[in-house]
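In: Everything below, folded, please.
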Amino acid sequence: MIEKKMPHLLMLLTQDLQSPSGLGRYFPLAKYLVREGFEVSILALHSDFDSLEQRDFVQEGVKVRYVAQMHVHKYGNKTHYFSPMKLISTSIKAMITLYREGVKENADLIFVGKPHPMNGLAGLWLTRREDLPLIVDCDDYESESNRTNAKWQKKVLAYFENLLPKKANLVTTNTYFMRDHLILQGVEEKKIVYLPNGVDTERFREPSPDKVAQLRTELSLDGKRVIGYYGSLNLANHPVDLLIRSFKLVTENIDEVILLIVGGGKDLDHLEKLTAELGLKDKVIFTGRVKPDEMNVYYRLAEVSVDPVNDTLADRGRCPLKIFESWQMGVPVVTSDVGDRKILAGDPPAATLAQPGSEENLAQKIQQVLDSKAFAAKRVAIGLQRSMDYDWAVIAEAANRKIINHIYG
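Out: Numbers count the residues shown, from 1 in each chain. Predicted coordinates for the structure are as follows:
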């Protein structure tokens, strides 16, 4: 009996593997699909392409090639947005390069990670050229969550966000909110598959106590009670300012408390300024971006982690990685009942839900976790149990079945 060869899946990404979705969604999905028997290649844009020393490599069985500059320039903890003309020229170059390099891959399946113009058009051309199936992954409400300087930019994003799923053979989305939105936009319900975010348990392992103790000392956290935020500092879709204002209220009731903000982004300077204005300069630590393989150590510094949420379309469309990572690392998490978050928390809840956009209520919920060890321990136990369902190995196994069944019948 001849064993059936698994398909070669080509991912086209508009971000590198250090960016949130690249690191937390697309690479772990690719890695575990390889273990399911797929051949997986990634062609990606990079946030600082000209500085790259190595653009072509194999990582955990996944073939990765960076082929052009992405639509923003990130360096260190800063993010620089291009002028309109530079943005257009950079995007056109990226689109053409993704297509040209994609032709060389001889793939069986094209996977567009985020329905953006650059990878979207490249993906459409590749599927039409070779008559290949197209998968489009919608992991955000792109036209609402991306920063745009002009109305035309938002309209272009919205156009491709609505067009590409209609052209796809299979559409994956990580929230039921986006699933329902796509159906309202005219996408056939039968070809939409729910594929949530998850946690890569191989990256988020329990660190050694010595490493945690060393980092705690380096950050001057000995004897402190730590509230953690882990993620992007982009206020367009992550209201970290809400968390900082809530933290101000927490400091009025709890002594020796520190807010640890781990991550970088375009609003870092603004948030540092806000911290100073609120008189919190000595109580908030900004680490900037840290190495991905050290994130588990930073999580273990915190007594509680927070996913600050306003009730916006961007917030409804997100499936926060920090929730799954907190569960895996045994840290109770506070978020809000927006989008799919209450569904993810489950019943009994694995997360504490605050009122969206409320500084006072968010502060109260954070204090509730800090004030009761029994309450926190219960949330940790439920979270650890819930995290097993969101292990990327489990998600990829389900994705394998869904891809094969939907596309190959």
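In: for the residue nearest to residue 107 when sequence neighbours are not counted, phi and psi?
Out: Spatial nearest neighbour of residue 107, excluding adjacent residues (C-beta to C-beta, 6 or more residues apart in numbering): residue 10 at 3.6 Å. For every residue, glycine as well, the C-beta is placed using N, CA and C. Per-residue torsions, residue 10: phi -110, psi 120 (degrees, to the nearest 10).
In: and residue 10, what is it in contact with?
Out: Shown in contact with residue 10 (C-beta atoms under 8 Å, 6 or more residues apart in numbering): 40, 41, 42, 43, 102, 105, 107, 109, 110, 111, 126.
In: Take the residues you listed and write them to JSON lines, including distance to residue 257.
Out: Formatted as JSON lines, those follow (distance: C-beta to C-beta, whole Å):
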{"residue": "40", "distance to residue 257": "44"}
{"residue": "41", "distance to residue 257": "47"}
{"residue": "42", "distance to residue 257": "41"}
{"residue": "43", "distance to residue 257": "45"}
{"residue": "102", "distance to residue 257": "50"}
{"residue": "105", "distance to residue 257": "51"}
{"residue": "107", "distance to residue 257": "51"}
{"residue": "109", "distance to residue 257": "49"}
{"residue": "110", "distance to residue 257": "49"}
{"residue": "111", "distance to residue 257": "44"}
{"residue": "126", "distance to residue 257": "52"}
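In: between the residues you listed, which is nearest residue 80?
Out: When the contacts of residue 10 are ranked by distance to residue 80 (C-beta to C-beta), residue 43 comes first, at 23.3 Å.
In: picking up where we left off before, mind checking how far the residue nearest to residue 107 is from residue 113?
Out: Distance, residue 10 to residue 113, using C-beta to C-beta, to the nearest Å: 11 Å.
In: cool, and residue 207?
Out: Remark: distance between residue 207 and residue 113 (C-beta to C-beta) = 29 Å.
In: How about residue 219?
Out: 34 Å.
In: out of the two, which sits in the more crowded spot?
Out: Between residue 219 and residue 113, counted using other C-beta atoms under 10 Å, residue 113 has the larger neighbour count: 26 against 16.
In: quick one: the strands in the stretch 151-300 of the chain?
Out: Secondary structure of the stretch 151-300 of the chain (DSSP state E, counting those that start in this stretch): strands located at 170-173, 192-194, 225-230, 257-262, 284-288.
In: So which of the ones you listed is the most surrounded?
Out: Among those, judged by mean count of other C-beta atoms under 10 Å, the one packed with the most neighbours on average is strand 170-173 (a mean of 25).
In: Touching that strand from outside, list them.
Out: Applying C-beta under 8 Å, 6+ apart, the contact partners of strand 170-173 are 133-139, 165, 179, 182, 187, 191-195, 399, 402-403, 406-407.
In: Extract the C-alpha set from it and format it as CSV.
Out: Extracted C-alpha coordinates of strand 170-173, given in CSV (Å, rounded to 0.1, in the frame of the first residue of the first chain):
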residue,chain,number,x,y,z
LEU,A,170,-11.2,27.7,3.4
VAL,A,171,-11.3,30.6,5.9
THR,A,172,-9.9,30.2,9.4
THR,A,173,-10.6,32.6,12.2
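In: Show me the helices in the stretch 201-350 of the chain, by range?
Out: Assigned by DSSP state H, counting those that start in this stretch, the stretch 201-350 of the chain shows helices spanning 209-218, 240-251, 268-277, 295-299, 313-316, 321-328, 341-345.
In: Point out where the stretch 1-150 of the chain drops to low pLDDT.
Out: Residue ranges of the stretch 1-150 of the chain with pLDDT under 70: 1-4, 147.
In: and of the contacts of residue 10, the nearest to residue 211?
Out: Using C-beta to C-beta, these come closest to residue 211 at residue 42, 30.0 Å.
In: beta partners of that closest one?
Out: Judged by DSSP bridges, the bridge partners of residue 42 are residue 11, residue 64.
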